[in-house]
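Asker: Fold the following and give me the result.
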Amino acid sequence: MDITIRQARLDEYDALGEITAQAYLGDGLLDYGESDPYLPELRDVAKRAAAAEVLVAVEDGRLLGGVTFVPAGGPMADIARSGEAEIRTLAVATEARGRGIGESLVRICVDHARATPGCVGVVLSTQRSMHTAHRIYERLGFTRTPDRDWNPVPHLDDITLLTYELTL
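Answerer: A predicted model of the protein is given here:
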């Protein structure tokens, strides 16, 4: 696998936003499909990059996927506590799946967290149906933290996100 993982460039934001949106749509993760209110957030890589570190996986100049790494205390954090980094919006293009790209992106985030002064853990949220992602997290040593599960849309009871953490 000759894949490079690096910080996303401005000229890649639109393509990564579309990969992320299509991954969530294709996997049936958005309750309202193309009209889901979260879809514009998934496409807004510029917003994520302004507040966190957006990393991409690239092979021969082709974008394969990406992830958002939120350092400890970053404004994009949803569930991170003091001293924790957070992983968000992990997505791999459909045609690039099954090659270890998602796992490589998560590993880089863990490495970044270990290199962050004062960072003692990494946390993330995931949907119940993201079974492939769950296997990646568990293989890398993340454990489920049901006491931290949460609902990003409180008026909709059926959207509870599962949480995982890794102690560094």
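Asker: Residue 9 is in contact with residue 54, correct?
Answerer: No: Residue 54 lies out of contact with residue 9 (Cβ atoms under 8 Å); the separation is 9.6 Å. Where you see a C-beta, it was placed from the backbone N, CA and C, and this is true even at glycine.
Asker: between these two, who's got more neighbours?
Answerer: residue 54 (24 against 13; other Cβ atoms under 10 Å).
Asker: does the more buried one sit in a helix, a strand or a coil?
Answerer: strand (DSSP: H, G, I helix; E, B strand; the rest coil).
Asker: Ok, residue 23 next?
Answerer: helix.
Asker: got the CA positions of the helix or strand hosting residue 50 in PDB?
Answerer: Element membership of residue 50, judged by DSSP states H and E, is helix 45-51. Provided in PDB are the C-alpha atoms of helix 45-51 (Å, rounded to 0.1, in the frame of the first residue of the first chain):
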ATOM      1  CA  VAL A  45     -14.200  20.700   5.200                       C
ATOM      2  CA  ALA A  46     -13.100  24.300   5.300                       C
ATOM      3  CA  LYS A  47     -15.000  24.800   8.600                       C
ATOM      4  CA  ARG A  48     -13.400  21.700  10.100                       C
ATOM      5  CA  ALA A  49      -9.900  22.800   8.900                       C
ATOM      6  CA  ALA A  50     -10.300  26.200  10.500                       C
ATOM      7  CA  ALA A  51     -10.800  24.700  13.900                       C
END
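Asker: In terms of secondary structure, what does it contact?
Answerer: If you count contacts as 3 or more Cβ pairs under 8 Å, 6 or more residues apart in numbering; DSSP states H and E, helix 45-51 packs onto helix 13-26, strand 62-70.
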